[in-house]
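S.K.: Only the shape, not the letters, is given here:
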């Protein structure tokens, strides 16, 4: 299995909100979050030369210029704080071209050299297996940036941590000889498909199958699932049921009668979008907890 770096390796993500995207724009908020949960952010007080202001940009980040003048720290304080907090790290951004220019504007104005190096998150391709890298971007696409510095940076750190959690789950399952999971749920299958996406990118030898119940074969095909039949689970190593209430009255699968230690029920409400960060976290957290009980000696 190709490892997702190491669970101890620290990654830090940075985001900047600016006065606009004009060539005369400047940073107004900087925030960073790392994969250990550390974070910091601050507003920046514009210097007199920084006069550009885009009202459309303000509608997005919702930071009035008057707030910057009242609550922002000086450009020197901002640069010194970033250097002290980030040290000589490589820092990742999902908009490195823009963020790099705004950092240059900030540090040049203060006459201070940054101690850290800003990198594009696409450079993580050199440190992530291809499938995990692709899934990382799928998660980011499914969770648009809120357009405030810390929340924007946090979504990137959260995506990496969820991939690492999924990697640990696959490692644990593989260590117990389990290389396939059968998932059973009702449409629209978002929790099951989110789990499949996170687990299947970890190793080519691992496979997650999604089966629909209380629905039609056509609906399953539309959602890239299979209709549960009386032979669907013949080779099942582990069955994950998303809310066993959906199995009540099913002639194909009786949760209670078939509970033999290889069936796990996850109490997930299918209301959040596919690959939503909160949904993924809930699914992986519940699955991890159930596996601890399943594998306990």
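M.R.: Sure thing, it's come through. Keep in mind the model is a prediction, meaning the values are calculated, not measured.

S.K.: would you list every one of the strands in this structure?
M.R.: 12-18, 27-34, 39-43, 90-93, 117-120, 180-185, 207-212, 226-227, 239-242, 263-266 (DSSP state E).

S.K.: what number of residues lie near residue 182?
M.R.: Using other CB atoms under 10 Å, residue 182 has 24 neighbouring residues. In this view, the C-beta of every residue, glycine as well, is placed from N, C-alpha and C.

S.K.: can you pull the pLDDT of it?
M.R.: pLDDT recorded at residue 182 is 93.

S.K.: where in the stretch 101-250 of the chain is pLDDT low?
M.R.: Where the stretch 101-250 of the chain drops to pLDDT under 70, the residues are 246-250.

S.K.: follow-up on the earlier one: and the strands of the chain as CSV, adding distance to residue 195?
M.R.: Shown next, in CSV, are those (distance: least, CB to CB, whole Å):
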stretch, distance to residue 195
strand 12-18, 24
strand 27-34, 25
strand 39-43, 27
strand 90-93, 26
strand 117-120, 29
strand 180-185, 7
strand 207-212, 7
strand 226-227, 15
strand 239-242, 7
strand 263-266, 8
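
S.K.: Residue 57: which of these is closest?
M.R.: strand 12-18 (7.0 Å; CB to CB).

S.K.: just the angle between the closest one and strand 39-43, please?
M.R.: Angle of strand 12-18 versus strand 39-43, following axes from the mean of the first three to the mean of the last three CA atoms, to 10 degrees, is 10 degrees.

S.K.: Check which helices and strands strand 12-18 sits against.
M.R.: strand 27-34, strand 90-93, helix 96-110, helix 149-175 (3 or more CB pairs under 8 Å, 6 or more residues apart in numbering; DSSP states H and E).

S.K.: In the sheet, which strands lie alongside it, parallel or antiparallel?
M.R.: Neighbouring strands of strand 12-18 in its sheet, by DSSP bridges, are strand 27-34 (antiparallel), strand 90-93 (parallel).

S.K.: quick one, which of these is nearest to residue 112?
M.R.: Closest among the strands paired with strand 12-18, using CB to CB: strand 27-34, at 13.7 Å.

S.K.: contacting residues around the closest one?
M.R.: For strand 27-34, contacts defined as CB atoms under 8 Å, 6 or more residues apart in numbering pick out 10-19, 39-44, 46, 61, 63, 65, 68, 72, 78, 82, 85-86, 91, 102-103, 105-106, 148-150, 152-154, 156-157.
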